[in-house]
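Colleague: Sequence first, predicted model second:
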Amino acid sequence: MRRYVYIDDSDQQDLYCDNRISNRKYTILNFLPKNLWEQFSRFMNQYFLLIACLQLWSLITPVNPASTWGPLIFIFAVSATKEAWDDYNRYLSDKQANEKEVWVVKQGTKKQIQAQDIHVGNIVWLRENDEVPCDLVLIGTSEPQGICFIETAALDGETDLKTRVIPSACMGIASELLHKIKGVIECSNPDKDIRRFDANLRLFPPFIDNDLCPLTINNTLLQSCYLRNTEWACGVAVYTGNETKLGMSRGIPEPKLTAVDAMIDKLIGAIFLFQIVVVIVLGIAGNVWKDTEARKQWYVMYPTEGPWYELLVIPLRFELLCSIMIPISIKVSLDLVKSLYAKFIDWDEEMYDEETTTPSHATNTAISEDLGQVEYILTDKTGTLTENRMIFRRCCINGIFYGNESGDALKDKELLNAVGSNNPDVIRFLTVMALCNTVVPLKSKSGVISYKAQSQDEDALVHAAARLHMVLVNKNGNILEINFNGLVILYEILDTLEFTSDRKRMSVVVKDCQNEKLILLSKGADEAILPCAVSGKQVRTFVEAVEQYAQLGLRTLCLAWRELREDEYKEWSLMFKDANSTFVDREWKLAEVCQRLEHDLEILGITAIEDHLQDGVPETIETLRKAGINFWMLTGDKQNTAIQIALSCNFISPEPKGQLLLINGKSEDEVCRSIERVLLTMKITTSEPKDVAFVVDGWALEIALKHHRHAFTELAILSRTAICCRVTPSQKAQLVELLKTCDYKTLAIGDGGNDVRMIQQADIGVGISGREGLQAARAADYSIGKFKFLKRLILVHGRYSYNRTAFLSQYSFYKSLLICFIQIFFSFISGVSGTSLFNSVSLMAYNVFYTSIPVVVSVLDKDLSERTVMEHPQILFYCQAGRLLNPSTFAGWFGRSLFHALVVFVVSIHAYADEKSEMDELSMVALSGCIWLQAFVMTMETNSFTILQHLAIWGNLAFFYIINCIVSTIPSAGMYTIMFRLCKQPSYWITMILIVTAGMGPVLALKYFRFTYRSSAINKLQQAERLCGPILSLGNVEPQLRSIEKDVASLSITQPKNRNPVYEPLLSDSPTATRRSLGPSTSFDFFQGTQSRLSSTYSRNCKDN
Amino acid sequence: MLISVIFIPIGVASLLASRDVVEIVDRYETDCIPANYTGDELSFIQDPSSNKTCSRTLTVPKHMKQPIYVYYQLDNFYQNHRRYVKSRNDKQLRSADNANSTSGCDPEDRANGSPIVPCGLIAWSLFNDTYNFSLNNEALTVNTSGISWKSDRDKKFGDNVYPRNFQNGTLIGGKRLDPSRPLSEQEDLIVWMRTAALPTFRKLYGKIEVDLEANSTISVTLENNYNTYSFGGKKKLVLSTTRWLGGKNDFLGIAYLTVGGLCFFLAMAFIVVYLVKPRQLGDPSYLSWNRSPSGH
């Protein structure tokens, strides 16, 4: 299906949708039903609604229906209001976008209409800094060369300016004539690929002969981009409204559920089952009792013949009585504390990046607990581990190494001298550096030139060339102006042979305006350039240079040039044009044509660009790995660069401690064999204390995922570390998916647009608000300024959040079960008739007021100080394994509530027996017993006290008495004067003390016993903390020191060597070592490959993938 | 340890307080059945013409200081039954204006087409045994005023609410009320309406405001009207003095002693264990990962 867009043709107006953007979920009319429907699709809400409805039946309700309806309506109102507010905001922003005034041409005349009235085929005029209202095909700009600049930050997060050109067919049409332009654009149906636009343009006479003109993404202006540095531009609307590329790619990401939430849901399910059992048992017992006993009790006056539903009455009463087992407040308080966790992350000053003044931010407030349960971290390399700030460090020109001594070629006197003395080799080298790129120089009013580059490498090269007096001054259409030592040289760009990830090189054909010479300038990865070198010429020095630079973790590029003959170029130029306008396999054909020009190159030299590791990356990785988290590095970069970076940031250990296993192969069989070998080795080495990592490249990965998914999954589980190079964004996402299917908690961290899919796919997505734009940060659940903050995010925030939620949820169940068990016990002495011991006010207030405040304050609780956690990251294991919230811990709480209920009940009914057994008094005694126990349980479970916590716990207790005293002064209330009466009785206070001691005594003893004799690692650290603050002290130093020494030893091998200027065989003895351990199979011993095929990198590799 | 030190004295004190209380309990529901009705108690109690009078003698074991509380105790009587406990209307009791509000009183809400005041099962089943005490053939006055809570008399039971249409239905429950006295003065009703939470409960009948000497004999003439035979409930007459902790109730004392003792033993046990096997706390070398590098 293709779409034919007739330019400015009102006939086809209604064929496609108009440009109205709608992100709204609701309309005013359907809001209430739709929202209610959504809320009720949740099981919890259905349950509570059912309970609330049952309560309306006064025959069975034990308490006032308001006690359920009140909270229920409140909860619904809160979430509905939130939804409505969000939707209203969406509506406002839509409206703003829809009602923006734009200039369009309709029937040959230019008029101003609202953006929502744009139709497909309309010609839209944009002025500088306008936002593009829909997807346009550019047909005219103010610039005579037919280019314009756009900023695509909103689309892909890249902040640099991009150049867009008008199709050749529209070249040179005067702006007045553009009004009358007619033609047809043949394009594909709307899709969401923002890097692809395959279309053809055919203009109708009188403009140009019926020539088919190819269109690419470079001829389009996509919705939400901004027009920059261009006075005006105009284009034909091809996709509108929600059919634009942006609109199509917009999707509501699925809400993420944390493992804790899943566990809580499971527990709720279990409680629900338990409740059903209780209800059935008690219901039957109640009916039996009724028939055997109650009929004899004349004062109860059971009618001999009841209605048909009589048998159901008692079970339903118990159902209502037990409905509080599932605390209605749990979701509300969980939501509340979760947003508090998120606020803690936002407020954390230690995660504030001072350099870029970006605080960390939690976009998704619901998944903080998962941070504490992460098992796999999948990280991007460029911009995540490294700073993505490229700095030109060294170069090798014609066999001469510059920058080796100082580590900075720009300060190398020899190079400066060479530039000064007009060394032709150096000049040619610099010319390529300055010309062979897509950088746009921008001259500000003060005359300072700034560069807008699409890739950081090009930026670094152009800047370096400028420092070496070869300044790219201006780009005026195809004319490039260069200022070399005060001399202005002009070049005309004839063709650009663009970079693709397959070609791994780019070239430009320029004409020197002075001597009309045609030159081909190329730069690219060494393996892409060196084979094209003039045959017979020695390239060995260059290979060595590349190898040396790669060892240092530098990104290398190979620069080359060739002078072209006039006729050769002309012939090629025709072919190039032809290939450019093909419709099928355009990229492949172009590559083939380019190949014909890029041969017999004269290699000029090698550039080496440094990509700094971010601050604290090795330490962070080390700490997190100690915490039991497995790291996978997914990068679009070359294998060798990836491995070098991995080595330098502690990702993998160097030989002999670490071992790298390579999976490669181009065919299915090769990959299969490779995987099997690696698996085997992996299994053998698991017994040895060795860090084994596997390395896989994109091609092998694709085969592995397609055909050997099972084996690969097995491998993924076995391996703690993996490096995946040359992977595409979708492969990144697939890997996340793979780990997720194995039930691992994954965290994906990245900074660029190519990481977005992986970030969205992972359980937790973390975005680094870095230099590659904010796209990843926007898509992510958490955004941080630097990779090193990940440590704190996981160890401190994740761990605390998990602990707190685990406590909070179980405590919520505990308190609800406690009160519920008392009700059940009471039913045994009230003729199993479903009488509620507590009155409605107490029941409602119990969950809402008396017990919720201390719980919420428990979010301040810290079981271990932040320092201890950082020093002992292994403690995170407790969170990962879900040690603090699982059926068995829950059973502990369940047992505790049963025990406490028993204590409260037995003590109350015995202490208030005989003449004191008055209903209201007894209920109040039992209730205050519960509250007292709660306060002490809270105190016992709190590890770190702040004033706020004391205030909450004891204030809450006081609050309970105040509230009840106030209620006791109301004559119409059922419990009028009860509280005063009780407070005056010594027996009441003695009963309270008894309840507390009898309830807490065994629990405390058990806890003390566990703490001392069966202590968990957490307990041990707590003890250590209490004893002497800093853990490294006295007799404990020795074992600690030993482990630190071990760490230092492994660190010291890698780090100093990174900065060592002289080639040091970092892994010199590795081939033998590896081979020994692997036996005869040498093919996947990558270190061997290192010698022959070290290669350079090219940052766009990873972006274009 | 500390707990046991505090608890044992409290336990002893409460036990002593409880032991100090002098209590006379007399169960009479079986003995007050005439011999010819044995085995057929139900027809006896339901026969309005049968003579229900019964006399009992009680011996005072120890000197009893006034006030001596007279309770009746019912066993196996579920005042806390769901049908029962709800069957009342507080509004109606409070004010004469609400005489017609009988919601919740079902099935004793209306009789003969007009509302019952006070309505509901609780009021309907008001306890109607009566006791007359005499000491050495001299009548002992039992003061039946001030036996209910003052707050109930003032706020819960209106002084302008008079019983109306009460016990006029086909089934007679318990005691009839004097229609000329307002509810706030009918303290036996007020006491009864404070429903008990347990199936065994005592309710105050009155107070004897003279001291009783040890070994003196009290003769009680009671009217055994209340039907507990249909459900096998017991009826007891209780005379009891009171202490700071209330009536006779050993539970608290025993519980305190038990908990205190347990705490003592636990503390001792921990101390012994600590002495036998001392263990240094807070030594990170105990941490599993410090013991073996790969040992999770």
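Modeller: Right, received. Where do you want to start?

Colleague: in which helix or strand would I find A:K589?
Modeller: Here A:K589 is covered by helix A:586-597, with elements defined by DSSP states H and E.

Colleague: Which residue comes closest to the residue lying farthest from the centre of chain A once chain neighbours are left out?
Modeller: If you look at how far each residue of chain A sits from its centre, by CA atoms, centre = their mean, the farthest one is A:W298, at 69.1 Å. Using CB to CB, 6 or more residues apart in numbering or on different chains and skipping the chain neighbours, the partner closest in space to A:W298 is B:S230 (5.5 Å). Quick note: C-beta positions are derived from backbone N, CA and C, even for glycine.

Colleague: Please settle this for me: is that neighbour part of a helix?
Modeller: No: assignment of B:S230 by DSSP: H, G, I helix; E, B strand; the rest coil gives coil, placing it outside any helix.

Colleague: Just give me the neighbour total for it.
Modeller: As a burial measure, B:S230 scores 15 neighbours (other CB atoms under 10 Å in any protein chain shown).

Colleague: before we move on, what about the one 5 residues further on?
Modeller: Residues lying near B:K235 (other CB under 10 Å) number 22.

Colleague: surely it meets B:T30?
Modeller: No: taking contacts as CB atoms under 8 Å, B:K235 lies outside contact range of B:T30: 9.2 Å.

Colleague: Spit out the contact partners of residue 112.
Modeller: Since you didn't name a chain, this refers to chain A. A:101-104 (CB atoms under 8 Å, 6 or more residues apart in numbering or on different chains).

Colleague: The chain in question should be chain B.
Modeller: By CB under 8 Å, 6+ apart, the contact set of B:N112 is B:165, B:168-169.

Colleague: which one of these is nearest chain A?
Modeller: The closest of the contacts of B:N112 to chain A turns out to be B:G169 (CB to the nearest CB; 10.6 Å).

Colleague: quick one: least confident helix or strand in chain B?
Modeller: Within chain B, judged by mean pLDDT, DSSP states H and E, the helix or strand with the poorest mean is helix B:288-291; its value is a mean of 49.

Colleague: Where does the stretch 401-550 of chain A get nearest to chain B, residue-wise?
Modeller: Distances between the stretch 401-550 of chain A and chain B by CB to the nearest CB are smallest at A:A550, namely 32.8 Å.

Colleague: quick one: what helix or strand has that residue in it?
Modeller: helix A:540-551.

Colleague: gap between that helix and the chain center?
Modeller: Remark: helix A:540-551 is offset 37 Å from the chain centroid, using CA atoms, centre = their mean, to the nearest Å.

Colleague: Mind giving me the packing neighbours of it?
Modeller: Applying 3 or more CB pairs under 8 Å, 6 or more residues apart in numbering or on different chains; DSSP states H and E, we find helix A:540-551 packed against strand A:386-397, helix A:526-529, strand A:555-564, strand A:602-613, helix A:639-648.

Colleague: angle of it against strand A:386-397?
Modeller: Here helix A:540-551 runs at an angle of 160 degrees relative to strand A:386-397 (axes from the mean of the first three to the mean of the last three CA atoms, to 10 degrees).

Colleague: For the residue positioned nearest the centre of chain A, give me its contacts.
Modeller: Residue closest to the average C-alpha location in chain A (CA atoms, centre = their mean): A:G765, at 1.6 Å. With contact set as CB under 8 Å, 6+ apart, A:G765 has these partners: A:747-749, A:758-759, A:779-782.

Colleague: Mind picking the lowest-pLDDT entry from those?
Modeller: Within these, the minimum per-residue pLDDT falls on A:A779 (74).

Colleague: coming back round to it: based on its surroundings, how many neighbours for the residue of the stretch 401-550 of chain A closest to chain B?
Modeller: Neighbour tally, A:A550, other CB under 10 Å: 24.

Colleague: okay but it is in contact with A:A642, surely?
Modeller: No: A:A550 lies out of contact with A:A642 (CB under 8 Å); the separation is 10.9 Å.

Colleague: What segments of the stretch 1-150 of chain B are strands?
Modeller: For the stretch 1-150 of chain B, strands defined by DSSP state E, counting those that start in this stretch occupy the ranges B:23-27, B:53-59, B:68-74, B:110-111, B:114-115, B:130-135, B:138-140, B:142-143.

Colleague: ranking the ones you listed by burial, who's on top?
Modeller: Counting by mean count of other CB atoms under 10 Å in any protein chain shown, strand B:68-74 has the highest mean neighbour count of these, with a mean of 22.

Colleague: What is that one packed up against?
Modeller: By 3+ CB pairs under 8 Å, 6+ apart, strand B:68-74 packs against strand B:130-135, strand B:201-208, strand B:235-240.

Colleague: if I pick the residue farthest from the centre of chain A, what's in contact with it?
Modeller: A:W298 is in contact with B:125, B:173, B:227, B:230-231, counting by CB under 8 Å, 6+ apart.

Colleague: For the stretch 151-300 of chain A, which residue gets nearest to chain B?
Modeller: Counting by CB to the nearest CB, the stretch 151-300 of chain A gets nearest to chain B through A:Y299 (3.8 Å).

Colleague: bridging residues for A:F392?
Modeller: Beta-bridge pairing for A:F392 (DSSP bridges): A:I609.

Colleague: neighbours around it, how many?
Modeller: The burial count for A:F392: 26, using other CB under 10 Å.

Colleague: List the residues that contact A:C965.
Modeller: Residues near A:C965 by CB under 8 Å, 6+ apart: A:979-980, A:983.

Colleague: again, 6 Å this time
Modeller: A:C965 makes contacts with A:M979, as judged by CB atoms under 6 Å, 6 or more residues apart in numbering or on different chains.

Colleague: try B:S148
Modeller: If you count contacts by CB under 6 Å, 6+ apart, B:S148 has them with B:187, B:190-191.

Colleague: circling back: A:V539 versus the residue of the stretch 401-550 of chain A closest to chain B, what's the distance?
Modeller: Relative to A:V539, A:A550 is positioned 16 Å away (CB to CB, to the nearest Å).
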